[in-house]
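Novice: quick one, structure for this:
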Amino acid sequence: MNIAVKPAATAEAVRADALPLDQINPGDPRRFQQDTIWPYFARLRREDPVHFTPQSEFGPYWSITRWDDILAVDTDHESFSSAEGIGLPNLEALAEQQAVLGAANVRRNRAGFITMDEPQHSVQRKAVSPTVAPGNIAQMAPLVRERAGQILDGLPVGVEFDWVDLVSKELTAMTLATLFDFPFEDRRKLTYWSDMITNLPGHGPVTSWQHKFQAIQECFQSFQTLWDQRVDAPPSIDLISMLIHNPATRHMSLEDYQGNVILLIVGGNDTTRNTISGSVFELNRNPDQYDRLRADPSLIPAMVSETIRYQTPLAHMSRVATRDVEVGGKLIRAGERVVMWYISGNRDESHVSDPDRYDILRERPRNHLSFGFGIHRCVGNRVAEMQLTIIWEEILKRFPVIQMVGEPTRTYSAFVHGFETLPVIIPARA
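Specialist: Purely as a prediction, here's the structure:
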């Protein structure tokens, strides 16, 4: 594919430079879907790295766009609370949800321990940590490898297909079903529920607020059944059993359990799946890097980390200031929302050498912001890296090349930075 700068991208850079600073809304999901976000973040890093957007569909909010400032906010959980949600809250969406669900239900719709502050956060996080600990990941890896091989062996050769659907979604659904000990034949329900949770009506599979509500209720009912089945069963290593048999979480509220289900489904699905797709996309856009990878498969772990940096599958996390605090020379008042744009920090020229270049030979490839820092650092990061490493080890055994044959369609979201479709052809097997 032609990887030269497109005229449309150049035109967007002109528009980004011409727009008054106070009118820049970095969270506009249309720019993420159109892949035109980059010049806006570049300008903010240059001119206004701690940026205030006074009016938007999310209300007023601060944007943190440089590496060091993001790190400062992410590691200061006393000054910046997660309890009011970790994403930019679309105000119209909240109003619609309240109309369908009632205000009380919306307030309780939290996303598990990631939306908790200390000490509650660590208590619940520790309950599920053994499932994603190195020892258990090592035990899971052969099964993930077997299933990855089955997926790849079933792919058509010489026929165009959607990589997102047949590979990225399928592998993450298989792994997530294993982590939950969820009925394997129903694994794609996990993918569906994740998409229903993260999308607004009119995007992804969501047709209306009522449709979204019904799907989430179906998800909760299924996981309530799993809880009821395991509550008196012997302890196991799956995530549900971990919550049940930990004294600190066995008697958690229904709302906390449902929130943890949302967190674990979305966290275990969207990030890994979009990095699997992103690796195929970037290797096609950078054929010199693809050549290096094929010539030296030992570069797979470095390629995985570089893709996680370059793709940044979750574009941001947000917090609410608990007190007046200064960041980057700007005073953020108590109660104001602060958004850490990981996707911008990963392109910070002051911290990453030539950050807009996709380079699988970077000296410190795991030096990125995509997993976050501090107490909320991604609990499943090693599971993600394991899946990504295995799928590429198995790909290189089978296929000389995976060829992208058209532009992807991207997710309409400023939170999940990903792909809805990615058309490819596998010309031949090895």
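Novice: grab the longest helix from this protein for me.
Specialist: helix 254-285 (DSSP state H).
Novice: report the buried residues of that helix.
Specialist: 256-284 (16 or more other CB atoms under 10 Å). For the C-beta atoms, the positions are set from N, CA and C on the backbone; glycine is no exception.
Novice: over to stretch 203-216?
Specialist: 203-204, 206, 209, 212, 215-216.
Novice: ok, now stretch 389-404?
Specialist: Residues 389-392, 394-395, 399, 401-402, 404 are the ones in stretch 389-404 that count as buried (16+ other CB under 10 Å).
Novice: want to throw the residues you listed into CSV with pLDDT and secondary structure?
Specialist: Output for these, formatted as CSV (pLDDT from 0 to 100; DSSP: H, G, I helix; E, B strand; the rest coil):
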residue, pLDDT, secondary structure
Thr389, 96, helix
Ile390, 95, helix
Ile391, 95, helix
Trp392, 97, helix
Glu394, 97, helix
Ile395, 97, helix
Phe399, 96, coil
Val401, 96, coil
Ile402, 97, coil
Met404, 98, strand
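Novice: turn the residues you listed into JSON lines, columns for distance to Asn90.
Specialist: Formatted as JSON lines, the buried residues of stretch 389-404 follow (distance: CB to CB, whole Å):
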{"residue": "Thr389", "distance to Asn90": "35"}
{"residue": "Ile390", "distance to Asn90": "36"}
{"residue": "Ile391", "distance to Asn90": "33"}
{"residue": "Trp392", "distance to Asn90": "35"}
{"residue": "Glu394", "distance to Asn90": "39"}
{"residue": "Ile395", "distance to Asn90": "37"}
{"residue": "Phe399", "distance to Asn90": "40"}
{"residue": "Val401", "distance to Asn90": "40"}
{"residue": "Ile402", "distance to Asn90": "35"}
{"residue": "Met404", "distance to Asn90": "32"}
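Novice: which of these sits closest to Gly27?
Specialist: Met404 (28.2 Å; CB to CB).
Novice: ok, so what distance separates the closest one from Gly278?
Specialist: Separation of Met404 from Gly278 (CB to CB, to the nearest Å) stands at 12 Å.
Novice: partners of the host helix or strand of Met317 in the sheet?
Specialist: Under the criterion of DSSP states H and E, Met317 resides in strand 316-321. Applying DSSP bridges, strand 316-321 is found paired with strand 80-81 (antiparallel), strand 337-341 (antiparallel).
Novice: what residues sit buried inside it?
Specialist: 316-321.
Novice: packing partners for whatever helix or strand comes next after it?
Specialist: Next helix or strand after strand 316-321 toward the C-terminus (DSSP H and E): strand 325-327. If you count contacts as 3 or more CB pairs under 8 Å, 6 or more residues apart in numbering; DSSP states H and E, strand 325-327 packs onto helix 67-74, strand 330-332.
Novice: run through who's touching strand 325-327.
Specialist: 50, 62, 64, 69, 72-73, 76, 79-80, 331-332, 338 (CB atoms under 8 Å, 6 or more residues apart in numbering).
Novice: measure the residue of the chain lying at maximal distance from its centre to His245 for me?
Specialist: In the chain, Asp232 marks the outermost C-alpha relative to the chain mean, sitting 33.7 Å out by CA atoms, centre = their mean. Using CB to CB, we find Asp232 at a distance of 11 Å from His245.
Novice: do the same with Asn260
Specialist: Counting by CB to CB - Asn260 and His245 are separated by 14 Å.
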